[in-house]
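A.B. asks: okay, sequence plus prediction incoming.
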Amino acid sequence: MREIVNMVVVLSLICAASGTLLVNLKQATRERIEQQVLVNVQGPALMAVLEGCDNDPIAERRTVGGVTVFPARREGRLVGVAFETFASGYSGDIGVMTGFDLGADRLIGIGVTTQTETPGVGTRIMKPAFLKQFRGHGLDAMALSSRDGDIDAVAGATFSSSGAVDAVRKALDVYRDIKPQIADLWPTS
């Protein structure tokens, strides 16, 4: 009986020490992991969407209404913003970085940040042929052509295409909500 008690005590101490180590390790690396996600996951889509900006959108990002918003400046003037939204695709959530032209009130474009769609089928939502349909698109009537919209789905990837469009539609709702605050957050220098 005494051996069992000793084993339980030793096992409990090992579990407590391991748990404490993992919590401290997570806290110590949290900022570094967030920075890596910003640079390596969101960064490529962000830079494709905000192409031509002359600032560092990642360094100037702000959180508005629970959404991380990245500003785009040209010659010191705020010309656009971008942020990431998610929607369900065929096999998981699809993350889409959507850029908005503040002057024209239109989409600059979109980029897919995360997805787990079927390779060779659903992943074609990341191809320029699909993404270019969003460039310069207005803020209304965002839907697939099969649902009376003007975005053509990728053949054989309707769920993935719908997920991408749904994520953009969520971004449109967020944009409408935060637009009045944008000019105050990044005043023109």
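C.D. replies: That came through fine. Numbers count the residues shown, from 1 in each chain.
A.B. asks: nearest the geometric middle of this structure, what residue?
C.D. replies: residue 84 (2.8 Å; C-alpha atoms, centre = their mean).
A.B. asks: element containing residue 162?
C.D. replies: According to DSSP states H and E, residue 162 maps onto helix 158-185.
A.B. asks: what helix or strand is residue 25 on?
C.D. replies: Using DSSP H and E, residue 25 sits in helix 2-37.
A.B. asks: give the next helix or strand downstream of that helix.
C.D. replies: Counting by DSSP H and E, what follows helix 2-37 is helix 43-49.
A.B. asks: for that following helix, the distance to its chain's centre please.
C.D. replies: With C-alpha atoms, centre = their mean, to the nearest Å as the basis, helix 43-49 stands 10 Å off its chain's centre.
A.B. asks: next SSE downstream of that helix?
C.D. replies: With elements assigned by DSSP H and E, the helix or strand that comes after helix 43-49 is strand 62-64.
A.B. asks: got a list of contacts for that next one?
C.D. replies: Contacts to strand 62-64, defined as C-beta atoms under 8 Å, 6 or more residues apart in numbering, come from residues 68-69, 71, 178, 181-182, 185-186. Using the backbone N, CA and C atoms, a C-beta is placed for each residue, glycine as well.
A.B. asks: least confident of these?
C.D. replies: Lowest pLDDT within the contacts of strand 62-64 is found at residue 186 (83).
A.B. asks: that residue: what's it in contact with?
C.D. replies: 60, 62, 71, 73, 78.
A.B. asks: run through the bridge partners of the fourth one.
C.D. replies: So the one you mean is residue 73. Assessed by DSSP bridges, residue 73 has beta-bridge partners residue 78.
A.B. asks: residue 53 contacts residue 74, doesn't it?
C.D. replies: Yes - between residue 53 and residue 74 a contact is recorded at 6.3 Å, counting by C-beta atoms under 8 Å.
A.B. asks: of these two, which one has the most company?
C.D. replies: In this view residue 53 and residue 74 are compared by other C-beta atoms under 10 Å, and residue 53 has more residues nearby, 22 against 12.
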